[in-house]
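> return a 3D structure for these sequence lines:
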Amino acid sequence: MDIIPVRQEYVFSVAAHTMRAVAEHIDNKRCLKYFFDEKLVESKMIEGGDYYTDDDCIKEVVEEYRKSKRDV
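You can find the predicted model right below:
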């Protein structure tokens with residue numbers, strides 16, 4: 001039996017801010033969204049891959065956002 005992921009979500013609270021990262025699997029692709037205080041700040045569509053986990057995808061999107069913003 002294969003386990004097929006559908007959605008993975010992380011919610012972080014830092015001081016008075018909430019960050020949320022979501023990975024949704026749609027048609028062998030991953031739709032990644034990163035929210036800061038409920039505002040969508042980064043999104044990315046990534047082709048499916050057996051060895052590229054949702055955690056890796058989310059980390060990549062958060063890192064890209066962090067590098068492009070000051071004081072993050």
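
> what's the helix or strand for the most centrally placed residue in the chain?
Against the mean C-alpha coordinate of the chain, by Cα atoms, centre = their mean, the closest residue is residue 58 at 3.5 Å. Per DSSP states H and E, residue 58 falls inside helix 54-68.

> hmm, who's touching that helix?
5, 8, 10, 21, 23, 30, 32, 34, 41-44, 46, 72 (Cβ atoms under 8 Å, 6 or more residues apart in numbering). (Glycine included, C-beta is placed from N, CA and C.)

> next one: stretch 5-25
Stretch 5-25 has contacts (Cβ under 8 Å, 6+ apart) with 4, 30-38, 48, 54-55, 57-58, 61-62.

> go with 6 Å
Applying Cβ atoms under 6 Å, 6 or more residues apart in numbering, the external contacts of stretch 5-25 come out as 30, 31, 32, 33, 34, 35, 36, 37, 54, 57, 58.

> hmm, back to that, could you measure from the residue nearest to the centre of the chain over to residue 29?
Relative to residue 29, residue 58 is positioned 15 Å away (Cβ to Cβ, to the nearest Å).

> flag every buried residue along stretch 57-72.
57, 58, 61, 62, 65 (16 or more other Cβ atoms under 10 Å).

> just put those residues in TSV and tack on distance to residue 16 and pLDDT.
Shown next, in TSV, are these (distance: Cβ to Cβ, whole Å; pLDDT from 0 to 100):
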residue	distance to residue 16	pLDDT
57	27	75
58	22	76
61	23	77
62	19	77
65	19	77
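
> CSV for those residues, including distance to residue 15?
Shown next, in CSV, are these (distance: Cβ to Cβ, whole Å):
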residue, distance to residue 15
57, 26
58, 21
61, 21
62, 17
65, 18
